[in-house]
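S.K.: coords please:
(chains A and B)
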Amino acid sequence: MRTHRCGALRATHAGQEVRLGGWVHRRRDLGGLIFLDLRDRDGIVQVTLGPDWTPPEVMERAAGVGAETVVLVKGVVALRPETARNRELPTGDVEVKAVDLAIAGRASTPAIPVARVKGEELPAEELRLLHRHLDLRRPELQRNLALRHRLLQRARATLSALDFYEIETPILTKPTPEGARDYLVPSRLHRGEFYALPQSPQLYKQILMIAGFDRYFQIARCFRDEDLRSDRQPEFTQIDLEASFVAPEDVYAVVEAVLTALWEEAGETVSGGFRRLSYREAMESYGTDKPDLRFGLAISDLSERFRGRGFDAFDSALASNGKIRAIRLPGGAVLSRKEVDALIAEGKAAGASGVATLKREGDRLSGPLAKLEGMTAELAELNDGDLLLAVAGPDSVALPSLGRVRTAAIARLKLQPREKHVFAWIEQFPLFERDPESGTLVFAHHPFTAPHPDDVPRLMAGELEQVRSLHYDVVYNGVELGSGSIRITDPELQRKVFELLGLSRDEAEARFGFLLRALEAGAPPHGGFAIGFDRVVMLLAGAESLRDVIAFPKTTAARALFEGAPTAVDPQEIAELGLKVLP
RNA sequence: GGGGCUGUAGCUCAGCUGGUUAGAGUGCCGGUCUGUCACACCGGAGGUCGCGGGUUCAAGUCCCGUCAGCCCCGCCA
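M.R.: Residues are numbered from 1 along each chain as shown, chains lettered A, B, ... in the order given. The predicted model follows:
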């Protein structure tokens, strides 16, 4: 039916007779001459119709085609006249002189434009989702999904070459009361019972390791019934992997190979390797567990330097086991009072009771900290033009506050990154964290995460806060790309953890008995990782929203506008499931 | 669950302190036009101002409610 894609034609094709199929992107009808921009997934080429080479009835037909109509064109590729070439188009040196044009699919006037006027804003997101078939025709989204395809293939090829088997796991699974809210699926055959859609294939991949498959991966769809954000969809895709007889180092090597391959596939060069930071180092130096290491600006401890200098807020913080933490902004002295106030507000929003500042301009120090006894530029280690922002208090407050100040300052000062891509492993996360509401200790990750071997005695002794885990994250330019861990393989340790979670032996058996039985059948040491694939595509495509790298995304209220899901169903179907909808 | 922003022609937007017949660009329809590429030019049609209620002599504009989209907090082991 066709010989080439529209976007593929170049000067080398000149003289060839071609048949094309595509969508009419735009029409320019000059009366005697008609130009059609014909578009397919590869790009746009100009089709030219004129009385010298196009039969009159074809001219007439072409004069009537509207935007987005699908046409089949037969013609000859010709070099354009020298003065009529279009440098902005890859196909701009040529045009197709049409001898025939058939209308294959006439389009009604598009509800939203595919070809936009230069400078025109995109249609409202609601309309783009409602008319997704049209929005997806836009070259940007075509490009994003083409990239997504290539990244998927590259991930598969890379893992397959590393001896990983791609194995599918169920979509209808067992509900898990912990963690995110499950999407539930009622069972017709078993009235009153429910499946859940998987939040991740976590337990299945562990069972696969216990079953001896050694290395598994899956491009896995995951479902979580929680409120959404611009970087969160109710269903999303992970590159999920798990391997046996591994230490964290072995998992790191695999994940690094995959991520490096993906960046390469997108045309980026990754160098400098993956940094390593413990959770503690990340928090102490950057105030976050996902630091953007493209910038320096580490947090420093000024407790001793600023102790006992007549600043009450500092001394009282130190007296109650707090620290004075600070960040130096080179060139920060240029910030206006208003801009500095905005940074202080960031710190306060994260819980700091105050953010004290010190500015150096020439030999002059200014700001609230300038009046500390014995304050000098040397004491504060400030260079000319620097701004110091300090927070005193317990680390649990001071560090995250300065982390937010740091991020805001980088944006405010429009600092140039020292490197383009910085990947880092964050290791040795605590196994437990304090629930801010109840104050009780809860699992920081899922309950299958192995404790750090050195800390198992502490775990058994109930010194939970001190217990580190074998959980690790990959962070890229301040964005968390994924996480993983070495898993618990000792059934008794796993039982102990369920107990710490507050599950009775019976409850643990009812919920996770299948895992415990598997562990008792001889489990190899194993661990794995999951890469948030949508987020990776978004970063590599330069997209601003996950919705721009997913063909059919949901709205922030988890609706599918195009097809209209969710929707009410026939009461009879509901009755068949043994359910009743409450008003 | 809470907060914020937005909703006016098919699309993108303007519409002042409440005041005559709600505008522009683009698209659409008709016409002229042989080198355009956001073609140009002439003419025309096109409106439940998201929806419901209220205040007022008078509401696109003010108030209350509601729906939808987006952003943020909570939430996402």
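
S.K.: A:Arg276 and RNA strand B, how far apart?
M.R.: Distance of A:Arg276 to RNA strand B, computed by C-beta to the nearest atom of the strand, to the nearest Å: 23 Å. For glycine as for every other residue, the C-beta is placed from the backbone atoms N, C-alpha and C.

S.K.: part of a strand, is that residue?
M.R.: Yes - assessed by DSSP: H, G, I helix; E, B strand; the rest coil, A:Arg276 belongs to a strand.

S.K.: residues in contact with it?
M.R.: By C-beta atoms under 8 Å, 6 or more residues apart in numbering, the contact set of A:Arg276 is A:424-425, A:427.

S.K.: export the residues you listed to JSON lines and tack on pLDDT, neighbour count and distance to A:Gly528?
M.R.: As requested, those are exported to JSON lines (pLDDT from 0 to 100; neighbours: other C-beta atoms under 10 Å; distance: C-beta to C-beta, whole Å):
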{"residue": "A:Ala424", "pLDDT": "97", "neighbour count": "21", "distance to A:Gly528": "19"}
{"residue": "A:Trp425", "pLDDT": "97", "neighbour count": "19", "distance to A:Gly528": "14"}
{"residue": "A:Glu427", "pLDDT": "96", "neighbour count": "21", "distance to A:Gly528": "15"}
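
S.K.: which one of these is nearest to RNA strand B?
M.R.: A:Glu427 (17.0 Å; C-beta to the nearest atom of the strand).

S.K.: show me where pLDDT drops low in the stretch 301-450 of chain A?
M.R.: Within the stretch 301-450 of chain A, not a single segment meets pLDDT under 70.

S.K.: for it, what spans make up the strands?
M.R.: Using DSSP state E, counting those that start in this stretch, the strands assigned to the stretch 301-450 of chain A run over residues A:323-329, A:356-361, A:364-366, A:387-393, A:423-427, A:432-434, A:441-443.

S.K.: who in the stretch 351-500 of chain A is up against RNA strand B?
M.R.: Within the stretch 351-500 of chain A, the positions adjacent to RNA strand B are A:436-437, A:442-447 by C-beta under 7 Å from any atom of the strand.

S.K.: in the stretch 401-550 of chain A, what residue lies closest to RNA strand B?
M.R.: Closest point on the stretch 401-550 of chain A to RNA strand B, by C-beta to the nearest atom of the strand, is A:His446, at 3.5 Å.

S.K.: can you read off the pLDDT for the closest residue to that residue other than its chain neighbours?
M.R.: Of all residues not flanking A:His446 in the chain, A:Gln202 sits nearest, at 6.4 Å (C-beta to C-beta, 6 or more residues apart in numbering). On pLDDT, A:Gln202 comes in at 96.

S.K.: isn't A:Gln202 up against A:Phe448?
M.R.: Yes - between A:Gln202 and A:Phe448 there is a contact at 6.8 Å, judged by C-beta atoms under 8 Å.

S.K.: so what touches stretch A:206-213?
M.R.: A:165, A:167, A:169, A:216, A:242-244, A:448, A:487, A:514-515, A:518-519, A:521-524, A:526.

S.K.: switch the cut-off to 10 Å
M.R.: Contact partners of stretch A:206-213, identified using C-beta atoms under 10 Å, 6 or more residues apart in numbering, comprise A:164-165, A:167, A:169, A:201, A:205, A:214-216, A:218, A:242-246, A:448, A:487-489, A:514-515, A:517-528.

S.K.: in helices only, show me the residues you listed.
M.R.: A:205, A:514-515, A:517-519 (DSSP state H).

S.K.: and the residues you listed, which two are furthest apart?
M.R.: Using C-beta to C-beta, the ones in helices among the contacts of stretch A:206-213 span at most 16.7 Å, a distance reached by A:Lys205 and A:Arg517.

S.K.: and the two? Which one has more around it.
M.R.: Neighbours per residue, other C-beta atoms under 10 Å: of A:Lys205 and A:Arg517, the larger number sits with A:Lys205, 25 against 13.

S.K.: check the gap between the more buried one and A:Ala461 for me.
M.R.: 31 Å (C-beta to C-beta, to the nearest Å).

S.K.: what does the stretch 101-250 of chain A have sitting close to RNA strand B?
M.R.: Going by C-beta under 7 Å from any atom of the strand, the residues of the stretch 101-250 of chain A near RNA strand B are A:109, A:111-113, A:117-127, A:129, A:176, A:178-181, A:199-200, A:202, A:224, A:226-232.

S.K.: can you select the buried ones among these for me in ChimeraX?
M.R.: Applied in ChimeraX, the following selects the buried portion of those according to 16 or more other C-beta atoms under 10 Å:
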select /A:112,123,129,176,199,200,202,224,228
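
S.K.: on that earlier part again, mark which of the contacts of stretch A:206-213 are buried, thanks.
M.R.: A:164, A:167, A:169, A:201, A:205, A:214-216, A:218, A:242-244, A:246, A:448, A:487-489, A:515, A:518-519, A:523, A:526-528.

S.K.: which helix runs longest in chain A?
M.R.: Counting by DSSP H, the longest helix found in chain A is helix A:139-161.

S.K.: quick check: mean pLDDT across that helix?
M.R.: Helix A:139-161 comes out at a mean pLDDT of 97.

S.K.: CA atoms only: put it into PDB for me.
M.R.: Taking Å, rounded to 0.1, in the frame of the first residue of the first chain, the C-alpha atoms of helix A:139-161 are listed here in PDB:
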ATOM      1  CA  PRO A 139       5.000  14.800  17.200                       C
ATOM      2  CA  GLU A 140       6.100  15.400  20.900                       C
ATOM      3  CA  LEU A 141       4.000  12.500  22.200                       C
ATOM      4  CA  GLN A 142       4.900  10.300  19.300                       C
ATOM      5  CA  ARG A 143       8.600  11.000  20.100                       C
ATOM      6  CA  ASN A 144       8.100  10.300  23.800                       C
ATOM      7  CA  LEU A 145       6.400   7.000  23.200                       C
ATOM      8  CA  ALA A 146       9.000   6.000  20.600                       C
ATOM      9  CA  LEU A 147      11.700   6.700  23.200                       C
ATOM     10  CA  ARG A 148       9.700   4.700  25.700                       C
ATOM     11  CA  HIS A 149       9.600   1.700  23.300                       C
ATOM     12  CA  ARG A 150      13.400   1.900  22.800                       C
ATOM     13  CA  LEU A 151      14.100   2.100  26.500                       C
ATOM     14  CA  LEU A 152      11.900  -0.900  27.100                       C
ATOM     15  CA  GLN A 153      13.700  -3.000  24.500                       C
ATOM     16  CA  ARG A 154      17.000  -1.900  25.800                       C
ATOM     17  CA  ALA A 155      16.100  -2.800  29.400                       C
ATOM     18  CA  ARG A 156      15.000  -6.300  28.200                       C
ATOM     19  CA  ALA A 157      18.100  -6.800  26.100                       C
ATOM     20  CA  THR A 158      20.400  -5.700  28.900                       C
ATOM     21  CA  LEU A 159      18.900  -7.900  31.500                       C
ATOM     22  CA  SER A 160      18.500 -10.900  29.200                       C
ATOM     23  CA  ALA A 161      22.200 -10.600  28.300                       C
END
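
S.K.: identify the residue spatially nearest to the residue of the stretch 251-400 of chain A at minimum distance from RNA strand B, adjacent ones excluded.
M.R.: Using C-beta to the nearest atom of the strand, A:Ala349 is the residue of the stretch 251-400 of chain A that sits closest to RNA strand B, at 8.6 Å. Nearest non-adjacent residue to A:Ala349, counting by C-beta to C-beta, 6+ apart: A:Arg404, 6.9 Å away.
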